[in-house]
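**Student:** I would like to see how this sequence folds:
(one chain, ligands or ions: 1)
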Amino acid sequence: MSLDQDSKLLEFIQAIRLTPENLRNSTRNSDHRKGLPQPSYEKKFDDSIKLVDLPSVNSIKVNEISLKEAILNRRSIRNFKDKPISKNDLSWLLYATQGIQSIHEKGTIWVTRNNDCRVTLRPVASGGSLHPFETYIHIRNCEDIEKGLYRYIASKHKLLPLDLSEDIEERITKACLANVGRRSQVLFIWTAVPYRTGWHYGELAYKAVYWDIGHVSQNLYLAAEGVDCGVCAIGYYDEDMLDEILDIDGKTEFVIFMSAVGKKPDKIIDP
Ligand SMILES: Cc1cc2nc3c(=O)[nH]c(=O)nc-3n(C[C@H](O)[C@H](O)[C@H](O)COP(=O)(O)O)c2cc1C
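**Tutor:** The predicted structure follows:
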């Protein structure tokens with residue numbers, strides 16, 4: 001059966017179309033409307049584990065390039081200089097993609113005019129400002145940070161070490177398949193926690209999380225221009241393997257997208 005005749009795909013596309021009926025039903029039946037508590041904007045973490053400090057946003061140094069230059073220079077880069085990225089660079093890239101600028105306990109979701117929602121404001125836009133993502137990074141080569149798997153704790157702008165074992169690099173590399181992720185100095189792995197958006201928007205969250213992640217990925221591309229880093233978006237990887245590595249269930253939290261990051265090479269080649 002061809003894709004345009006596949007009834008499951010057509011059914012799914014119809015279910016998430018932005019018709020007035022779907023919009024009404026989705027928000028009318030949402031858990032927010034039912035009075036259920038709002039989920040947290042950040043996944044819990046074990047606070048007995050020592051977090052890795054990152055340079056604060058005020059101290060981060062970024063090259064003085066124009067926005068025009070950043071936009072015109074942006075390219076997907078798949079070969080990187082054999083040089084570590086600095087803590088400054090990493091701090092900037094994390095902040096520019098998911099850093100928290102402010103938290104509002106009684107924030108407004110503009111489209112539905114609700115003003116009783118806890119929202120965070122970040123350098124990227126997000127439907128309802130509900131930011132349904134967690135950022136994991138696999139570090140292969142970053143100055144002053146041990147190799148391994150970490151989670152970005154946006155509320156503290158610090159890194160939570162998750163797995164610093166010998167074999168983590170090999171497992172991540174395997175999950176990247178033959179893709180560029182295996183050559184990155186730092187691999188960004190974003191997971192979606194769809195209920196953060198679904199609590200308010202109901203089933204339409206499944207559309208919104210994909211809208212949102214594009215904004216995050218593009219900010220990474222542009223922010224990288226300011227610290228001489230190159231980026232390549234990655235939509236091809238073994239999601240089961242990654243879910244297992246990150247110890248997530250693939251349903252309430254699943255890997256939604258990745259990006260490879262490294263220092264820009266002198267010559268860009270497509271390896
Ligand atoms: C959703 C998405 C998924 C992508 N997945 C991959 C990928 O898995 N591997 C890869 O090498 N490039 C990937 N890319 C990068 C594209 O190949 C790239 O954007 C395209 O070739 C245009 O080149 P440019 O980004 O330099 O303009 C992806 C880009 C997007 C937006």
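**Student:** report how many residues lie close to Arg74.
**Tutor:** 15 (other CB atoms under 10 Å). For glycine as for every other residue, the C-beta is placed from the backbone atoms N, C-alpha and C.
**Student:** quick check: it touching Asn219?
**Tutor:** No. Counting by CB atoms under 8 Å, Asn219 is not a contact partner of Arg74; they are 10.9 Å apart.
**Student:** what about this structure, any weak spots by pLDDT?
**Tutor:** 1, 3-5, 109-114 (pLDDT under 70).
**Student:** contacting residues for the spatially most central residue of it?
**Tutor:** Most central in the chain under CA atoms, centre = their mean is Trp190, positioned 3.6 Å from the mean C-alpha point. Contact partners of Trp190, counting by CB atoms under 8 Å, 6 or more residues apart in numbering, are 133-136, 213, 216, 255-258.
**Student:** so what's Ile245 closest to, chain neighbours aside?
**Tutor:** Distances taken as CB to CB, 6 or more residues apart in numbering place Arg171 nearest to Ile245, at 5.5 Å, with adjacent residues excluded.
**Student:** and Tyr210, how close does it get to Pro271?
**Tutor:** According to CB to CB, to the nearest Å, Tyr210 stands 28 Å off from Pro271.
**Student:** can you check Glu253 too?
**Tutor:** For Glu253, the distance to Pro271 - CB to CB - is 32 Å.
**Student:** more neighbours: which of those two?
**Tutor:** Ranked by neighbour count (other CB under 10 Å), Glu253 and Pro271 place Glu253 first, with 20 against 7.
**Student:** the more buried one and Tyr195 touch, don't they?
**Tutor:** No. Counting by CB under 8 Å, Glu253 stays clear of Tyr195, with 9.0 Å between them.
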